[in-house]
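[1] just a sequence and a predicted model for now, questions to come.
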Amino acid sequence: MQTLSKVLLLSAFLLVTNAAYGQQTRPSPGPNPTPSPAAEQEEPVKVFTEEVRLPVMAIDQYGHYDPTLAVDDILILEDGVAQQVRSVRHIPANVVLVLDTGGELSGMGGQTKRTNLTRDTALAVLSQLSKETTVAVLQFNNSVELLQQWTTDRAAIVNTLKKRLSSGKRARFSDAVARAAEVLKERPEGTRHVVFITDGVDTPGGKIDRSYAFKKLASSRATVHIISYTEFVRQKKEEDRDKLNTRQMPNSSDPIRTMDPTQPPGTTRSPSFGVGVRFDPAMKRQRKTYEAQLKNSQRVLSELADETGGRIYLPITSEQMVAQARDAAREIGSEYVVTYRPKRPLANAKQGEYRMVEVAPRRTGLTLRSRRGYVVPEQSSAN
C-alpha cells in the first residue's frame, strides 16, 4: 500500500504555472534576410511561478453546499505552518463518468453487477450536477470506450447513457483509469472530477499496469469519487448462501426411508425424480478469488478517494446506490478552488519532497475537506 500512496501523492492538485519564453531577436529586413546564429541558439527562458491550487469541499451544518465560503473562513497548514490564502473560487466542474459494464457474464460478478443498475446510478449522478458542469462518459468492459465527448448538453448525455451502454465478459479497470486521466487533461485547469461506478476488479489480460494507471490519474489532479459495488456484491452473495443453507430438504433426502421397499411410491419412497445440487470446483475457486479481489479492491479504492479529497460510497442495495450517487454529485457541486503561495518556496524544495496539507474551518458550522498533501515537482518539469 506504500507504493500506491506514493503514486497517489503525485497528483497534489499543484498548479505550477510557467510561462514567459524569451523572444528571439530577428534581423533587420533586407533583400535576403539571414537568421542570426545567436537567435537560433537562444534557449527559452522559463519562469517558475509558485502557486498551490487546492480543491476544497465546503459543507454547512445541514450537510448542504455552503455558497458563502470566503478567504477568512479557511485555515491551511502546510507541514504544520499556517499559509496565507490568496483566493477562493467556485468553478464549474469537469466530470468524467467511468462506468463498469464488464464481468457480468464471466461468473465473477454473478447477477449483482448489472449494466442497468450502473446506468441508473450514472443518471442519478447527472440529475444532481449543475447545468454548467461539463461531462464526459467512459465505458469499460472488454475494452475502454469514450461514449460521450465533453459536453454540457444534458439531453445528449442522457441519450448516451440510455442507448449506448453495453455489457461484456471482461472488466479492464486499469485501462479505464489511465484513459480517464487522458480525457481529463483535455480540460482547462479548474475542478476535475472522476466518478467511478465499479467494483474495481481487473480481469487479467489488460494492457496497462494498475500502478501506472493510478500514477496517470494522480497526475491529472482530479478528485476521485467512487460508487462501489464491493459491499453490494458481498451482501448479495451472503443472502444467496443463507437461502441455500435454510432451504427445506424434501422427504426423499432421508436415505433409510428412501430405500424402504415396503412403502408405496409417492409417500416415503423416492418418486421417479430426485433433487440434486451440482458443485463445480472450478467455479467455486473462481468465486473465492473474486471475493478476495473485492476485499483488496475496496481497500485500494478507499485510499484513492481519501487521498484525492473525494469519497467512496459502499451501498448494499440498489436503492442505496442510486441515493448515494446523488450525494456524490452534490459533493462535486460543493467544491471550491483555493490558492496559496507556500511560505517555503517550491523552487528550493528537494526532489520528490512531500508536503502535508491540512484544511480546517475558521467558522462554526462549516465543514471542509481536501486532499492530504502533495509532492513538489521538479522545476525542469515545468513548461
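    Yes, it's here. Numbering: from 1, shown residues only.
[2] packing partners of the helix or strand in which Glu303 is found?
    Element membership for Glu303, per DSSP states H and E: helix 281-308. Here helix 281-308 touches helix 2-9, strand 223-228, helix 230-246, strand 312-313, going by 3 or more C-beta pairs under 8 Å, 6 or more residues apart in numbering; DSSP states H and E. In short, each C-beta sits where N, CA and C put it, glycine included.
[3] these: lowest mean pLDDT?
    Between the helices and strands packed on helix 281-308, the one with the least mean pLDDT is helix 2-9; it has a mean of 48.
[4] for this protein, which helix or strand comes out least confident on mean pLDDT?
    strand 17-19 (a mean of 36; mean pLDDT, DSSP states H and E).
[5] now do Gln61 against Pro361, distance only.
    Distance, Gln61 to Pro361, using C-beta to C-beta, to the nearest Å: 11 Å.
[6] which of these two has more neighbours?
    Legend: neighbour count by other C-beta atoms under 10 Å for Gln61 and Pro361, higher for Pro361 (17 against 10).
[7] so how far is stretch 322-333 off the chain centroid?
    Distance of stretch 322-333 from the chain centroid (C-alpha atoms, centre = their mean, to the nearest Å) equals 13 Å.
[8] buried residues in it?
    Buried residues in stretch 322-333, counting neighbours by 16 or more other C-beta atoms under 10 Å, are found at 322, 324-333.
[9] also stretch 85-99?
    85, 88, 93-99.
[10] check stretch 150-169 too.
    150, 157, 160-161, 165, 167-168.
[11] count the residues that sit near Lys288.
    Neighbour count of Lys288, defined by other C-beta under 10 Å: 10.
[12] quick check: it vs Glu358, distance?
    From Lys288 to Glu358 the distance is 41 Å (C-beta to C-beta).
[13] low-confidence bits of the protein, can you list those?
    For the chain, applying pLDDT under 70 flags the ranges 1-49, 104-111, 189-190, 236-280, 377-383.
[14] report how many residues lie close to the closest residue to Leu314 other than its chain neighbours.
    Nearest-residue entry for Leu314: Glu231, 4.3 Å, with adjacent residues in sequence omitted and distances by C-beta to C-beta, 6 or more residues apart in numbering. Counted with other C-beta under 10 Å, residues neighbouring Glu231 total 18.
[15] OK, contacts around the nearest residue to Leu304 once chain neighbours are set aside?
    Excluding the flanking residues, the one nearest Leu304 by C-beta to C-beta, 6+ apart is Val224, at 5.4 Å. The contact partners of Val224, by C-beta atoms under 8 Å, 6 or more residues apart in numbering, come to 193-194, 196, 217, 304-305, 308, 310.
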